[in-house]
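J.: got a structure for you, letters missing:
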């Protein structure tokens, strides 16, 4: 029996690839940077399945370049905004993803960014490394208290709720904005749903946890930033384009808000000479929300399981386009 041909667009934890290599012919892109789109078009030709990352544009053209035998695309991520799901469904291609697994790890990172910005930890570490620490000073690197502060969470999904749980340990008042109401038992005590304007106006910290959609693109724009407190701190561990980068730069430079801490940016990666990185009141880390050994390994296990199930003609454990199973797809 001929083994399925698989292309993996980036190196993922080696331990999770064993069952895939045993059952399939696998080629893995060896570089640190993702394959350019035109290269990817060539690499997917004749493949039965692909494991992709958020950095890969997976559109109708790419699917057609792979050929009609392409049965499965497995995303090594929760979000699938880089994949044309409608085009995949139309072509009877099953798309899998990895929801749930990175919730707690990403919430850890979001709260770490909140704490680091509030207490100016990166500035403090740089201050010491640069040899500027000569004595204790009563006005040295004064930051903001986290305990007892008001946290505004934009998007009360799994990660938003996990951040709210962490906030409860600091006796924070939590406000949240979401297009739907969330069961009070899921969000916990001291949590109140409000409109976005109220959240921005009253929060000491604003943490973004929405998916990237046409509705959430630039949900934090110049107008939203102008409504925040001048002492407020913005955290984004969702998707870069939910924040207007140019507007954020001007808001930070002009003191309209106090600080920003970003795990994601637009563009991504952020060029080293980008104006945002010239400001002292911003922390930028390289999209490491899910970057723990355990979580990245589990993501790989889920991605491989989704792919193998789809190749076998079965419903994967975590489909991103379940409507594909309502179609009559004959191979």
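T.: Now that the structure is in, tell me what you want to look at. What you are looking at is a predicted structure, and each value in this text was computed from that prediction instead of being measured.
J.: so what's the residue nearest the centre of the chain scoring on pLDDT?
T.: For the chain, the residue nearest the mean C-alpha position is residue 238 (4.4 Å; CA atoms, centre = their mean). Per-residue confidence (pLDDT) for residue 238: 96.
J.: strands of the stretch 1-150 of the chain, start to end?
T.: 5-8, 25-28, 49-52, 72-75, 94-96, 150-154 (DSSP state E, counting those that start in this stretch).
J.: out of the ones you listed, which gets nearest to residue 300?
T.: Ranking the strands of the stretch 1-150 of the chain by proximity to residue 300 (CB to CB) places strand 49-52 first, at 8.7 Å. Every C-beta, even on glycine, is put in place using the N, C-alpha and C of the backbone.
J.: which residue is the nearest non-sequential neighbour of the residue nearest to the centre of the chain?
T.: Computed as CB to CB, 6 or more residues apart in numbering, the closest residue to residue 238 that is not its neighbour in sequence is residue 208, at 4.7 Å.
J.: OK, contacts around the one you found?
T.: Contact partners of residue 208, counting by CB atoms under 8 Å, 6 or more residues apart in numbering, are 154, 155, 219, 220, 234, 235, 236, 237, 238, 242, 243.
J.: one more: residue 291?
T.: Per CB under 8 Å, 6+ apart, neighbours of residue 291: 105, 109.
J.: correct me, but the residue nearest to the centre of the chain touches residue 206?
T.: No. Residue 238 is beyond contact range of residue 206, at 11.7 Å (criterion: CB atoms under 8 Å).
J.: rewinding a little: mind putting the strands of the stretch 1-150 of the chain into a markdown table with distance to residue 285?
T.: Below are the strands of the stretch 1-150 of the chain laid out as a markdown table (distance: least, CB to CB, whole Å):
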| stretch | distance to residue 285 |
| --- | --- |
| strand 5-8 | 25 |
| strand 25-28 | 26 |
| strand 49-52 | 23 |
| strand 72-75 | 22 |
| strand 94-96 | 27 |
| strand 150-154 | 19 |
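J.: export those strands to a markdown table and tack on mean pLDDT, distance to residue 144 and mean neighbour count?
T.: What follows is the strands of the stretch 1-150 of the chain, written out as a markdown table (pLDDT from 0 to 100; distance: least, CB to CB, whole Å; neighbours: other CB atoms under 10 Å):
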| stretch | mean pLDDT | distance to residue 144 | mean neighbour count |
| --- | --- | --- | --- |
| strand 5-8 | 97 | 43 | 22 |
| strand 25-28 | 96 | 45 | 15 |
| strand 49-52 | 98 | 40 | 27 |
| strand 72-75 | 98 | 37 | 28 |
| strand 94-96 | 97 | 41 | 28 |
| strand 150-154 | 98 | 11 | 26 |
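J.: and of the ones you listed, who's closest to residue 277?
T.: With CB to CB as the measure, strand 150-154 is the member of the strands of the stretch 1-150 of the chain nearest residue 277 (23.9 Å).
J.: report the distance from the closest one to the chain centre.
T.: 18 Å (CA atoms, centre = their mean, to the nearest Å).
J.: return the list of helices and strands in contact with that strand.
T.: Under the contact criterion of 3 or more CB pairs under 8 Å, 6 or more residues apart in numbering; DSSP states H and E, strand 150-154 touches helix 158-168, strand 173-177, helix 196-202, strand 205-208.
J.: apply 10 Å and report the result again.
T.: helix 103-118, helix 158-168, strand 173-177, strand 191-193, helix 196-202, strand 205-208, strand 233-236 (3 or more CB pairs under 10 Å, 6 or more residues apart in numbering; DSSP states H and E).
J.: nearest to residue 56, out of those?
T.: helix 103-118 (20.3 Å).
J.: ok, back up a step: select, out of the strands of the stretch 1-150 of the chain, the one closest to residue 115.
T.: Judging those by CB to CB, what sits closest to residue 115 is strand 150-154, at 11.7 Å.
J.: partner strands of that closest one, with direction?
T.: If you go by DSSP bridges, strand 150-154 pairs up with strand 173-177 (parallel), strand 205-208 (parallel).
J.: kindly reformat those strands as JSON lines containing distance to residue 271.
T.: JSON lines is the format used below for the strands paired with strand 150-154 (distance: least, CB to CB, whole Å):
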{"stretch": "strand 173-177", "distance to residue 271": "31"}
{"stretch": "strand 205-208", "distance to residue 271": "22"}
